[in-house]
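would you be able to build a 3D model of this:
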Amino acid sequence: MIAEVRETPAAAPSLPGKPRLTRLDNGLTVCLLENRQAPIVTSALFYKVGTRDEPPGHGGIAHFLEHMMFKGSARYGPGEIDRRTQALGGSNNAFTSHDATGYYFNFAADRWTEALAIEADRMTALTLDPEQVASERQVILEEIAMYDSEPWDALEMAVQAGLFLPHPYGRPVLGTREDLLATGAADLRIFHDRFYRPGNGVLLVVGDLGPDVLDAVGATFGRVPAGGERRNGSSPPVSPPAGIRRIERRKGEVARMLLALPAPSGAHPDHPPLRLVTALLAGGRTSRLHEALVDGGQLCAWVSAELSESLDASQLSIAAEVVPGVEPKRVEAEVLRLLADLIADPPSPAEVERARQISMADWVFGHEKVHQQAISLGLAATLFDLDYLDRHLAGLLAAGPERVLEVSARYLYPERGAVLGWSLPRAES
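Residues are numbered from 1 along each chain as shown. Take a look at the predicted model:
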C-alpha cells in the first residue's frame with residue numbers, strides 16, 4: 001500500500017522537526033510534520049489544479065467545484081461535513097488560486113482522522129446533485145456581484161487582468177457570470193474526474209501526530225483508485241504591457257491606488273531578495289513609502305507592498321489610500337519617484353538589515369500555528385518542492401545591499417511595463 005518512505009531535510013530552520021515525505025501506490029503524495037506544541041492536528045489536501053487549468057467557456061469552474069465539495073458525497077449529505085466538523089469541535093475551510101486548490105481541517109489530536117474519511121469520500125463519490133449545483137451557482141453569482149461593487153476588489157481584478165492577460169493569471173478566480181451560467185453538473189463532474197485524483201493530490205498532516213498516522217492515511221486513501229491528470233503547461237507566456245498601462249474606475253468615496261509590477265516566479269532566485277525589497281518599500285513605519293507618504297508627507301492614510309508567489313510569474317503590488325483632499329496625481333508622482341530613488345539612492349547596510357529583521361519577524365509570526373505551518377508547507381510541496389521554504393528563506397537572509405540594488409534595478413521600473421490602477425470617488429452629477 002505504501003511504496004516508499006524517506007526523510008527529507010527540514011523545509012526551513014524555523015519549522016519544527018523534519019517533514020517526512022511518502023507516496024502511496026496510487027500516487028497520492030503524503031507529507032507529515034510533527035509539532036507537539038498543542039494537541040492539535042491539521043490535515044490539508046491540495047490538488048494541483050486551479051484557475052489556470054479551466055477549459056474554455058467554463059471560467060470559475062475550479063472555484064465552483066471547491067464549493068460543491070461541501071455539498072454532498074456518498075457518506076456526507078449537503079451540509080453534513082460542516083455539521084460533523086463542528087460536532088467534533090473542529091474547523092474547516094478551502095481556497096482556490098490560479099495554481100492550486102486546497103482543503104483543510106483542524107481537529108484535536110484524538111479525532112483528526114475524521115478529516116481523512118471526509119476527503120476520501122468526496123474524492124471518490126462526490127454527488128453533484130443538480131439542485132445543489134444550481135443553488136451554489138447562485139451563491140457564487142452573488143459573490144461576483146459583491147466583488148464588482150466593492151471598490152478595492154473591483155480595482156484589484158482589473159489591474160490583475162491588465163498585467164497578465166491573456167495568461168490565465170489575468171482571469172478572475174470566481175469566473176464570469178456568463179461562464180458560470182454555462183457550467184452545470186456534467187461539466188463539474190468531468191473537471192472533478194480529471195484532476196481530483198490521488199496522482200494530482202498532496203496531503204499534509206501536521207501537528208501532534210501519533211505513531212500510527214501513516215497507517216491511518218494508508219487505510220483510508222490506499223483503497224482509492226489511481227489517477228489524476230497533470231496540467232499540460234501550455235499556458236501563453238506572461239507578456240507585461242509596454243510602458244505603464246493606466247486603469248481608472250469610479251467607485252466608492254475615497255481615492256485608492258494600486259500599482260502592479262511584473263515579478264519572477266516564486267522559484268526564481270530573484271524572488272527572495274525581491275521580497276526583501278518589498279519590506280524596504282513598505283515594511284514598518286521606517287520604510288521608505290510609509291515615511292514619505294504617511295508619516296512625513298501625510299498624503300495617504302496607509303500604504304502597503306506585497307509580492308505574490310506563483311508558478312509562472314508573480315507581481316509586486318503597491319497599494320495606497322489617499323487622504324481626502326489630496327490630489328491623486330501627487331501620490332502617483334511620489335510613488336514613482338520613490339521607486340526610482342531606491343535605485344538612485346541604494347539602501348544602506350543598516351536599512352537592509354532592518355528590512356531583513358522585519359521579514360524574518362513576519363515569517364516567524366506567519367508560521368506560529370500548526371495550521372499555518374501545514375498550509376505553507378503544503379503550498380510549497382504542491383507548487384515547488386519540499387525544500388522551497390528553506391531555500392527561499394536562505395536567499396532572503398543572504399541578500400545584502402548589492403543584491404537588493406541588483407533586483408531593484410531589474411524590477412522596479414514601471415516604465416518597462418506595469419499597470420497603475422485608480423479607484424476614484426464617483427464624479428458629482
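
now the residue nearest to the spatial centre of the chain: closest residue in space, sequence neighbours ignored.
Centroid-nearest residue in the chain: residue 97, 5.8 Å away (criterion: Cα atoms, centre = their mean). Of all residues not flanking residue 97 in the chain, residue 50 sits nearest, at 5.2 Å (Cβ to Cβ, 6 or more residues apart in numbering). Every residue, glycine included, has its C-beta placed from N, CA and C.

my guess is the one you found meets residue 101, correct?
Yes - using Cβ atoms under 8 Å, residue 50 makes contact with residue 101 at a distance of 5.9 Å.

list residues touching both of these two?
residue 62 (Cβ atoms under 8 Å, 6 or more residues apart in numbering).

stretch 82-96 - what's its average pLDDT?
The average of the pLDDT scores along stretch 82-96 is 97.

mind saving the C-alpha coords of it as CSV?
C-alpha atoms of stretch 82-96 as CSV (Å, rounded to 0.1, in the frame of the first residue of the first chain):
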residue,chain,number,x,y,z
ASP,A,82,-19.7,21.3,8.4
ARG,A,83,-22.1,19.8,11.0
ARG,A,84,-19.7,16.9,11.6
THR,A,85,-16.7,19.2,11.9
GLN,A,86,-18.5,21.4,14.4
ALA,A,87,-19.8,18.5,16.4
LEU,A,88,-16.2,17.3,16.9
GLY,A,89,-15.0,20.8,17.9
GLY,A,90,-13.0,21.4,14.7
SER,A,91,-12.9,23.8,11.9
ASN,A,92,-12.6,23.5,8.1
ASN,A,93,-12.2,25.7,5.0
ALA,A,94,-10.9,25.7,1.5
PHE,A,95,-9.5,28.1,-1.1
THR,A,96,-8.8,28.2,-4.8
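
show me the contact partners of that stretch.
50-51, 62-63, 66, 69-70, 76, 81, 101-108, 111-112, 114-115, 118, 173.

also stretch 25-32?
With Cβ under 8 Å, 6+ apart as the criterion, stretch 25-32 contacts 1-3, 19-24, 197-206, 209, 213-214, 217, 221-222, 224-228, 377-378, 381, 386.

ok, back up a step: could you tell me which of the contacts of stretch 82-96 belong to helices?
62, 63, 66, 81, 114, 115, 118 (DSSP state H).

which single one of those residues is nearest to residue 125?
Minimum distance to residue 125 across those is 11.2 Å, recorded for residue 118 (Cβ to Cβ).

and for the residue lying closest to that closest one once chain neighbours are set aside, the neighbour number?
Spatial nearest neighbour of residue 118, excluding adjacent residues (Cβ to Cβ, 6+ apart): residue 81 at 5.7 Å. When neighbours are counted by other Cβ atoms under 10 Å, residue 81 registers 25.

ok, now which ones touch residue 81?
70, 92, 118, 122.

in strands, which of the residues you listed fall?
Of the positions in these, residue 92 sit in strands, assigned by DSSP state E.

any chance of the contacts of residue 81 in TSV, plus distance to residue 300 and neighbour count?
Shown next, in TSV, are the contacts of residue 81 (distance: Cβ to Cβ, whole Å; neighbours: other Cβ atoms under 10 Å):
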residue	distance to residue 300	neighbour count
70	40	22
92	38	18
118	45	25
122	45	24
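
ok, so of the contacts of residue 81, who is nearest residue 397?
Nearest to residue 397 among the contacts of residue 81, with distances taken as Cβ to Cβ, is residue 92, at 34.8 Å.

and residue 204, which of the three is it?
strand (DSSP: H, G, I helix; E, B strand; the rest coil).

which stretches of the stretch 301-429 of the chain form strands?
Under the criterion DSSP state E, counting those that start in this stretch, the stretch 301-429 of the chain contains strands at 314-322, 418-424.

closest to residue 155 out of those strands?
Among the strands of the stretch 301-429 of the chain, the nearest to residue 155 by Cβ to Cβ is strand 418-424 (4.3 Å).

neighbouring contacts of that closest one?
So strand 418-424 is contacted by 151-152, 154-155, 158-159, 162-163, 240-241, 244-252, 255-262, 328, 332, 414 (Cβ under 8 Å, 6+ apart).

for the closest residue to residue 54 other than its chain neighbours, give me its contacts.
Excluding its sequence neighbours, the residue lying closest to residue 54 (Cβ to Cβ, 6+ apart) is residue 61, at 5.1 Å. Listed by Cβ under 8 Å, 6+ apart, the contact partners of residue 61 are 54, 55, 175, 179, 183, 187, 188, 191.

go ahead and confirm the third one touches residue 140.
This points to residue 175. Yes - between residue 175 and residue 140 a contact is recorded at 7.4 Å, counting by Cβ under 8 Å.

quick check: neighbours shared by these two?
With Cβ under 8 Å, 6+ apart as the test, residue 175 and residue 140 both reach 60, 63, 64.

residue 299 - how many residues pack around it?
So residue 299, with other Cβ under 10 Å, has 19 neighbours.

do you know the pLDDT at it?
So, for residue 299, pLDDT stands at 97.

isn't it right up against residue 332?
No - Residue 299 lies out of contact with residue 332 (Cβ under 8 Å); the separation is 10.3 Å.

domains for this structure, by residue range?
2-221, 244-424 (automatic domain parsing).

out of those domains, the one nearest residue 235 is which?
domain 2-221 (5.6 Å).

that closest one: how far from the chain's middle?
Distance of domain 2-221 from its chain centroid, counting by Cα atoms, centre = their mean, to the nearest Å, is 12 Å.

what is the end-to-end distance of stretch 122-140?
Length of stretch 122-140, first residue to last, Cα to Cα, to the nearest Å: 21 Å.

quick check: mean pLDDT of that stretch?
According to the model, stretch 122-140 has a mean pLDDT of 97.
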